[in-house]
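[1] for reference, the sequence and a predicted model appear below.
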Amino acid sequence: MKPRAYVETTVVSYVTARPSRDVVVAAHQQVTRDWWKSCRDRFEVVASELVVQEASAGDEEAARDRLTVLETLSLLEASPEALALAGQLLDSGAIPRAAADDAFHLAIAALNGVDYLVTWNCRHLANATLRAQIEAAIRAAGYEPPIICTPEELLETDSNVD
């Protein structure tokens, strides 16, 4: 069975966006596209209705492109239990209240036993200084936290390189 990877909205946005003039963002976009091309071979890629909702916002053409990508993915349920866990993440201070949707992404992934939460949100999610607090809050609620990472961290490696 393949490990499951929940893609947060930033990943879908980077897959479909026009190349950025910012060299760092452009590099992240390319890494994301490279990962996206091969990820289905190695992962069961999933999202949620929250990702669909977020991807629907903004420029109409860009939103249509993001939604087209999401049509190919299974969507995880945003249950009342996920909403409660998101509240616990906010109450614990692991995720700031201003980033409630980020807490909800984490909660949906944790409640559904997802192995990886894949994101470019390094402010509130893929942030090493917050990781221990996020994981502790999820475990305190009785769930196993997903590994929060960027697409770059999940790129397939060449095992022939020393």
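    Sure thing, it's come through.
[2] now the longest helix belonging to the chain: average pLDDT?
    If you go by DSSP state H, the chain has its longest helix at helix 23-42. For helix 23-42, mean pLDDT is 93.
[3] after it, which helix or strand is next?
    The first helix or strand that comes after helix 23-42 along the chain, using DSSP states H and E, is strand 44-48.
[4] the worst-scoring helix or strand of the chain on mean pLDDT packs against which elements?
    Least confident helix or strand, the chain: helix 23-42 with a mean of 93, by mean pLDDT, DSSP states H and E. Contact here means 3 or more C-beta pairs under 8 Å, 6 or more residues apart in numbering; DSSP states H and E; on that basis helix 23-42 packs against helix 9-16. In this view, the C-beta of every residue, glycine as well, is placed from N, C-alpha and C.
[5] so what touches the helix it packs on?
    Contact partners of helix 9-16, identified using C-beta atoms under 8 Å, 6 or more residues apart in numbering, comprise 28-29, 32-33, 36, 47, 51, 54-55, 62, 65-66, 68-70, 118-121, 151.
[6] would you mark the buried spots in the longest helix of the chain?
    His28, Gln29, Val31, Thr32, Trp35, Trp36, Cys39 (16 or more other C-beta atoms under 10 Å).
[7] got TSV for the residues you listed, with distance to Gln133 too?
    Listed next are those as TSV, based on distance: C-beta to C-beta, whole Å:
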residue	distance to Gln133
His28	25
Gln29	29
Val31	27
Thr32	26
Trp35	27
Trp36	30
Cys39	28
